[in-house]
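Novice: Show me how the following folds:
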Amino acid sequence: MASPLTIDAAYLAPDVTPEMVSAWRRRTEYAKETLVSGSGAGNDFRGWLDPASMVTDAELTEIESVASDLRAKSDTLIAIGIGGSYLGARAVIEALSPAAPVVFAGNSISARYHSDVLASLAGKRVAVNVISKSGTTTEPAVAFRLFREYVEKTAGTDAAKDLIVATTDRKKGALRKVANEVGYRTFPIGDDIGGRYSVLSAVGLLPIAYAGVDIKALRQGAIDTASLVSESDPLKNPALFYAAARNLLYNQGYAVEVFASFEPRLHFIAEWWKQLFGESEGKDQSALFPASIDLTADLHSMGQYMQQGRRQLIETFVVIEEGEPNLLLPTGDDADELGYLAGQPLTAINKAAYQATALAHRDGGVPNMTVTIPRLDAYYLGALLYFFEYACGVSGYLLGVNPFDQPGVEAYKKNMFALLGKPGYEAQTEKLKASVANQPEGSIIRFA
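Specialist: Next up, the predicted model:
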């Protein structure tokens, strides 16, 4: 099988070489076996490992059918979720169907954002896909109240039942209870799939299908990549190579990995990638910090730091090989001094910008590698998503952490629940309110 992606590791040297990665074979094999066998921490959250069984053909057909029905009955879909419940879907839609009428809500508690979304819906037929395993996560629960009320008022309570779809726990939880009582159509969130690994499940696939993306091709790209990453040799398995390379660099003192792309449509792929690695590995005061830049725009803002700032950075470029529009630079009077580029395709100019940047950053002390997909379509995007998911699982075990939990996320939630007076948090409420009110003297500086 031809590889759905390649890795160019030339600019990792001398910090990381193929020989160094090969010398880690026993480590990568152990981490891979830990992931595949389920012998490691978090082993009950590996339902994403087999994309062919995570969502069956029959379930794919049902998702496509419901998406088609929602499109026929609405002008806009509001996809409500936070973290992994929305980032994956948004990443795919922004990459492949950016003009699709899908609006994301529930990923903040901003009054202005949600007011603006509600105002933008005037005169439109609206459908809602609320995505939450429990139904009680604050941000999506707040948004669901707002948009459920909007749909019921504009379409009528009875019609709203066919316009609202809940993606939630199979059996339990507040949202499951509401869906059963009201009669919403539902799709299940598997107990063995965490949010950041859920893009290729019903969590991501319904809004992606509504946007018109071929979800069967998306899944097939993941299936074929799952076969590719079964190889044990890290020089033949891109996921093992990537996981080993980033850990080798981390062990040398590098602290930040930057996802870099020269295609604006990949912006939310980078946002999804940041959650995937940040939430999976950021434990025990360890791991690379995942960051991202959008190029060439950020070469005119972050470029100076990338080139000459603190040398703690590594960089992963994601490049699209072909399939982009054949837009040629027009001829002109050369006042802009671009005559030497007249008639050249923008893809060639963009490629030269990437090559120049990768070389300059390597010369500036930033080891970098390039992940290349043949083109940006559903199949190859599915391959890219699965590649990063698998590599993340392996990398987490190489690092020595559980790549499937997120205990630190609960800290802010407990504080917020207490400050808002949620029942059951009474003891913490008074303590935290006192702590907030009694800041050290002089900590608030007011300027006239």
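
Novice: Which stretches in this structure count as strands?
Specialist: 6-8, 76-80, 102-105, 126-131, 164-169, 185-189, 256-261, 289-294, 313-320, 368-373 (DSSP state E).

Novice: Rebuild those as JSON lines, extending it with mean pLDDT.
Specialist: Output for those, formatted as JSON lines (pLDDT from 0 to 100):
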{"stretch": "strand 6-8", "mean pLDDT": "98"}
{"stretch": "strand 76-80", "mean pLDDT": "98"}
{"stretch": "strand 102-105", "mean pLDDT": "98"}
{"stretch": "strand 126-131", "mean pLDDT": "98"}
{"stretch": "strand 164-169", "mean pLDDT": "98"}
{"stretch": "strand 185-189", "mean pLDDT": "97"}
{"stretch": "strand 256-261", "mean pLDDT": "98"}
{"stretch": "strand 289-294", "mean pLDDT": "98"}
{"stretch": "strand 313-320", "mean pLDDT": "98"}
{"stretch": "strand 368-373", "mean pLDDT": "98"}
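
Novice: so residue 38 makes contact with residue 45?
Specialist: No: look at residue 38 against residue 45 with C-beta atoms under 8 Å: they stay out of range, at 9.8 Å. Where you see a C-beta, it was placed from the backbone N, CA and C, and this is true even at glycine.

Novice: Residue 300 and residue 270, how far apart?
Specialist: 18 Å (C-beta to C-beta, to the nearest Å).

Novice: one step back: can you tell me which of the strands of the chain is nearest to residue 59?
Specialist: Proximity to residue 59, assessed across the strands of the chain by C-beta to C-beta, is greatest for strand 185-189 (7.9 Å).

Novice: hmm, who's touching the closest one?
Specialist: 59, 63, 66, 131, 133, 162, 165-170, 176, 179, 198, 201-203, 206 (C-beta atoms under 8 Å, 6 or more residues apart in numbering).

Novice: Report the buried members of those.
Specialist: Among the contacts of strand 185-189, those buried by neighbour count (16 or more other C-beta atoms under 10 Å) are 63, 66, 131, 133, 162, 165-169, 176, 179, 198, 201-203, 206.

Novice: so who does residue 167 touch?
Specialist: Contact partners of residue 167, counting by C-beta under 8 Å, 6+ apart, are 85, 129-132, 186-189, 202-203, 206.

Novice: from those, which is closest to residue 289?
Specialist: Closest approach between the contacts of residue 167 and residue 289, by C-beta to C-beta: residue 85, at 23.2 Å.

Novice: if we can go back for a sec, between residue 38 and residue 45, who's got more neighbours?
Specialist: Each of residue 38 and residue 45 has its neighbours counted (other C-beta atoms under 10 Å); residue 45 has more, 22 against 13.

Novice: right, and the more buried one touches residue 404 too?
Specialist: Yes: here residue 45 lies in contact with residue 404, judged by C-beta under 8 Å, at a distance of 3.9 Å.

Novice: Common neighbours of the two, please.
Specialist: Residues touching both residue 45 and residue 404 (C-beta under 8 Å, 6+ apart): 194, 197.

Novice: Could you check how far the nearest residue to residue 416 once chain neighbours are set aside is from residue 285?
Specialist: Closest residue in space to residue 416, ignoring its immediate chain neighbours: residue 138 at 6.8 Å, by C-beta to C-beta, 6 or more residues apart in numbering. Separation of residue 138 from residue 285 (C-beta to C-beta) stands at 27 Å.

Novice: what does residue 33 give?
Specialist: Using C-beta to C-beta, we find residue 33 at a distance of 27 Å from residue 285.

Novice: With neighbour numbers in mind, choose between those two.
Specialist: Legend: neighbour count by other C-beta under 10 Å for residue 33 and residue 285, higher for residue 33 (15 against 5).

Novice: The more buried one and residue 222: what is the separation?
Specialist: Counting by C-beta to C-beta - residue 33 and residue 222 are separated by 21 Å.
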